[in-house]
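**Q** below are the sequence and a predicted model for it; my questions follow.
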Amino acid sequence: MQLINTIKELNSLLESLDKSKTIGLVPTMGALHLGHLSLIEQAVKENDFTIVSIFVNPTQFDNKEDLAKYPNTLNEDISLLKSVSDNLIIFAPNANEIYSGNISSQSYDFEGLENVMEGEFREGHFNGVGTIVEKLLTLTNPTRAYFGEKDFQQLQIIRKLVEIKNLPVTIIGCPIVREPSGLAMSSRNERLSESLRKEAAFIYKTLKSAKEKIGTKSVGYVIHWAKEEFSKHPSLDLEYIKIVDEAKLQAVDTIDKSTKYRAFVAVYAGDVRLIDNIAL
Ligand code: PAF
């Protein structure tokens, strides 16, 4: 296990590695949970070296309070990482190291992927994600980089980033890991009260029922039905539910068998914003 904090240390470590070896990168913002560990385990299996970055990226937070409340658990994260492998490289820089005193995002054109769903409700979020992911990919030059499907829109945007910037990396999307209740694992779940955490299981339950219904009912009907279901749960405030095609993330009215679709939701449980999605 090597813990490095500076780009200088990162560069000298990378220079010392045999160039024929493969590198897996798992970018994280810390507050690690089993979802992250599944990405890291996959990276360890598929690569000679695995770098886990831990950096709470300020430019992707549209909400200052959300950034301030974001858990900082570096010591616990390091212990968890040790339990996965002794051989990880942990890159945990500070904001100055990454942004050199200019904490701002670049502006990207992700061909419309950035304007829907999370992009509609979180202004500037995907410019921040693009900025940090491009920096991390350029700094570490990995063979493969791993991202969870819980942030499916982010995953598609990162694929687009790699395409438009022509970056020599394979992006690997990994399945959502869920709590026994079905709630998608997220660092934000720690902020839920015990009762809201139980209630939040309703999110995945509704997505699963929506998936069943889409076989026999229209898209419009299923969306209307899901909104009605959420309205019966006043502790969960539905921000959006969308049924979109996986490639362009555009809302659809009809489903055809040759295209892949997903249903996406964003829900407030108290002041905690949760997102989830399901392949249809
Ligand atoms: O998914 C996340 O945790 C973040 O958006 C990422 C990819 C680490 C970029 O900061």
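**A** It's in.
**Q** continuing past the lowest-mean-pLDDT helix or strand in the chain, what's the next helix or strand?
**A** Using mean pLDDT, DSSP states H and E, the weakest-scoring helix or strand in the chain turns out to be helix 64-69, at a mean of 87. Using DSSP states H and E, the helix or strand that follows helix 64-69 towards the C-terminus is helix 74-84.
**Q** give me the mean pLDDT for that next one.
**A** For helix 74-84, mean pLDDT is 95.
**Q** quick one: strands adjacent to the helix or strand following that helix?
**A** On the C-terminal side of helix 74-84, the nearest following helix or strand under DSSP H and E is strand 89-91. According to DSSP bridges, strand 89-91 has the following sheet partners: strand 2-4 (parallel), strand 49-54 (parallel).
**Q** centre of the chain to the least confident helix or strand of the chain, how far?
**A** Centroid separation for helix 64-69 versus its chain: 17 Å, with CA atoms, centre = their mean, to the nearest Å.
**Q** can you list the buried residues in that helix?
**A** Across helix 64-69, burial judged by 16 or more other CB atoms under 10 Å covers Asp66. Using the backbone N, CA and C atoms, a C-beta is placed for each residue, glycine as well.
**Q** say whether the ligand is contacted by that helix.
**A** No: Helix 64-69 stays clear of the ligand (CB under 6 Å from any ligand atom), getting no nearer than 11.7 Å.
**Q** phi, psi for the closest residue to Ser38 other than its chain neighbours please.
**A** In this structure, Ser38 finds its nearest non-sequential neighbour in Val177, 5.1 Å apart by CB to CB, 6 or more residues apart in numbering. Here is the backbone geometry of Val177 (degrees, to the nearest 10): phi -100, psi 130.
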